[in-house]
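Chemist: 3D, please:
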Amino acid sequence: MEFHNKLLMVIIFTILELSQTLSDHICSRPVSRRVGHAITRLLKAEGGISKHFLPGCFLNQKLHLFNHEESINIVFPTGERQCGFCGEIFEGEKSYDQHMESVHPTPHDGEFFCSEKLCSIFGQCGEASKLQVCTAASQGDLSEFCRKRVWGCFSGDGEESSLIRERLSRKLCNKERMLEVNGCIEGGQRNNTSLAEIFSHHFPKVLLLFIMCSTFVVSYKINEYINKVK
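Modeler: Residues are numbered from 1 along each chain as shown. Modelled structure (predicted):
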């Protein structure tokens with residue numbers, strides 16, 4: 001019985017580790033692309049602030065997961081995209097993204113991060129995430145998240161860098177802006193989100209949870225049956 005209990009614990013631990021690993025690799029290309037465009041507009045409006053970036057700054061797009069991929073593909077005036085890895089041409093972003101997901105998945109290693117995680121700062125998360133984002137914005141958690149990212153970009157030692165840090169914190173991270181750019185009002189949302197949109201956005205996580213629960217139940221039943229046989 002002790003052996004089976006240990007085996008059950010090993011199975012559960014393995015599932016949790018696999019779940020976390022898969023969850024970390026779920027990164028939306030369309031959302032990441034929108035965030036990238038928003039950061040580009042911000043940097044253009046702010047002038048030469050990039051020379052003050054600290055290592056690991058979230059505004060440094062060279063560190064973003066799909067930056068290399070986006071920089072080498074070709075976008076034609078007609079809207080068609082040519083893959084920078086294999087040269088295949090696609091009619092639009094959707095078919096291109098599907099191709100990248102299946103043929104050239106995750107082109108970078110752990111030194112890059114998923115810019116989708118920054119979508120709430122720039123109001124690019126989409127309808128399916130609004131409830132969670134708006135709750136965080138209402139409670140001030142989103143403003144704190146934003147401030148930590150901005151302060152991680154600029155040193156407080158130099159006068160110019162310190163001023164940039166303070167200005168961007170006020171510009172990007174105030175609660176009113178967080179609510180506005182994410183389409184929120186105090187205590188909720190401005191627009192209703194359909195169950196289909198929510199399910200579609202969170203389907204990978206729901207699937208992982210289902211697999212974990214199913215495996216746990218099956219393992220428990222097997223262990224229970226073995227104990228009865230004994």
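Chemist: contacts only, for residue 115.
Modeler: For residue 115, the contact set (C-beta atoms under 8 Å, 6 or more residues apart in numbering) comprises 32, 35, 36, 39, 58, 61, 64, 65, 66. (C-beta placed from N, C-alpha, C; glycine too.)
Chemist: just flag the most distant two among those residues.
Modeler: Using C-beta to C-beta, the contacts of residue 115 span at most 14.6 Å, a distance reached by 58 and 66.
Chemist: neighbour count: the two, which is higher?
Modeler: residue 66 (24 against 21; other C-beta atoms under 10 Å).
Chemist: now do the phi/psi pair for residue 47.
Modeler: phi 80, psi -130 (degrees, to the nearest 10).
Chemist: for the contacts of residue 115, which one is nearest residue 143?
Modeler: The closest of the contacts of residue 115 to residue 143 turns out to be residue 58 (C-beta to C-beta; 15.3 Å).
Chemist: what secondary structure does that closest one sit in?
Modeler: Here residue 58 is recorded as coil under DSSP: H, G, I helix; E, B strand; the rest coil.
Chemist: can you list the low-confidence ranges for this structure?
Modeler: 1-26, 68, 106-111, 185-208, 229-230 (pLDDT under 70).
Chemist: now do the strands in it.
Modeler: Per DSSP state E, the chain carries strands over the ranges 74-75, 81-82, 89-90, 184-185, 188-189.
Chemist: burial count for residue 142?
Modeler: 24.
Chemist: number of nearby residues for the residue nearest to it when sequence neighbours are not counted?
Modeler: Excluding its sequence neighbours, the residue lying closest to residue 142 (C-beta to C-beta, 6 or more residues apart in numbering) is residue 136, at 4.3 Å. Counted with other C-beta under 10 Å, residues neighbouring residue 136 total 18.
Chemist: for residue 55, see how far away residue 136 is.
Modeler: Distance from residue 136 to residue 55, counting by C-beta to C-beta, to the nearest Å: 27 Å.
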